[in-house]
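Q: requesting a structural model of the entry that follows:
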Amino acid sequence: MLYFVARAFIALIQSLPLPVVARMGRCGGALAFWLDARHRNVTLDNLQGCFGKDKTPREIAAIARENFRRIGENYCSAIKTAAMNAEELRSYVEFVGVDRLMPPRRLVVAIGHFGNFELYARFHQFAPGYRSATTYRALKQPALNRLMQSLREKSGCLFFERRTDGKLLRAAMRQSNIILGLLADQSTSGLRAPFLGRQCSTTLAPAVFALRYDCELFTGFCFRVAPAKWRLELGDKIQTHENGSPRSSEDIMRDVNQSFEAAVRRDPANWFWVHRRWKKENGG
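A: Numbering: from 1, shown residues only. A predicted model of the protein is given here:
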């Protein structure tokens, strides 16, 4: 039943113009702010912990409300943009920094939940000669997982399930023109490092892949610049070597966190605050 409801919802969204979809999503996000107390409280707690010394409670509440609207807008828009080709996207998406990646070479890009983050998978369509790849974690419901992947794979990006596709991913990383995007802003086992002034767990995956496969490492961001309009930006180049020797994965990821911090501060409502990124070491 859930599968057929999801299919019907996707068909409806994809039949509408993108600006209409974005407005619908914002309305849904505004409603969710009032109905979803659990995620609202997580968002307010996260914002208070990061900006409580710099912003008033009224300012923090305003960022939280706008954050929910943005999440609704981005989720609905991602469903619509999944069915759009590169030419149709050009009116709504700007790619900045592609010229820094020519000629094509093997890259790792540390990405995060900024804006319409599903658009990261379309990067290769605006960077001639590249092939995009990323990892994902399969949904527990097989039919819904197939539906989700059928949407994502229309982008032409290679998707590898984190737990089962390791061999295929390693083979893909031997290509000379691969650009691997790895989400690096979720709570996970790994390094404890500062992010927005607070210690949190940080994945080492982007650093490990960059070192293991001799890749350049960048950060990448999706900024929402207007309703139904986004800018994908190539961020800082993160140094993986110093004086001819590999840097530690921990030091590399501390630099990634600093780059992410700057992106969050640039537009706080653009990031995914509903995720409990800052957890106590004991799991509390």
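Q: going forward, measure contacts between C-alpha atoms and count neighbours the same way
A: OK.
Q: show me the strands in the stretch 101-250 of the chain, by range?
A: 107-111, 131-136, 158-161, 178-183, 191-195, 198-202, 216-226, 229-238, 241-242, 245-246 (DSSP state E, counting those that start in this stretch).
Q: go through those strands and name the closest to Ile252.
A: strand 229-238 (6.9 Å; CA to CA).
Q: contact partners of the closest one?
A: Outside strand 229-238, the residues that touch it by CA atoms under 8 Å, 6 or more residues apart in numbering are 92-98, 115-116, 119-120, 216-225, 252, 255-256, 259.
Q: cool, and stretch 168-182?
A: Taking contacts as CA under 8 Å, 6+ apart, the residues outside stretch 168-182 that touch it are 104-112, 120, 129-135, 160, 205-206, 213.
Q: which among those residues end up buried?
A: Listed as buried from the contacts of stretch 168-182 are 104, 106-112, 120, 130-135, 160, 205-206; burial here means 16 or more other CA atoms under 10 Å.
Q: the longest helix seen in the chain vs strand 216-226, what angle?
A: Here the longest helix in the chain is taken by residue count, with DSSP state H as the criterion, and it is helix 57-81. Counting by axes from the mean of the first three to the mean of the last three CA atoms, to 10 degrees, helix 57-81 lies at 100 degrees to strand 216-226.
Q: which of the residues in helix 57-81 are classified as buried?
A: Buried residues in helix 57-81, counting neighbours by 16+ other CA under 10 Å, are found at 60-61, 63-81.
Q: and the gap between Asn46 and Arg276?
A: Applying CA to CA, to the nearest Å, the value for Asn46 to Arg276 is 7 Å.
Q: so for these two, which residue has more residues nearby?
A: Between Asn46 and Arg276, Asn46 has the larger neighbour count (other CA atoms under 10 Å), namely 20 against 15.
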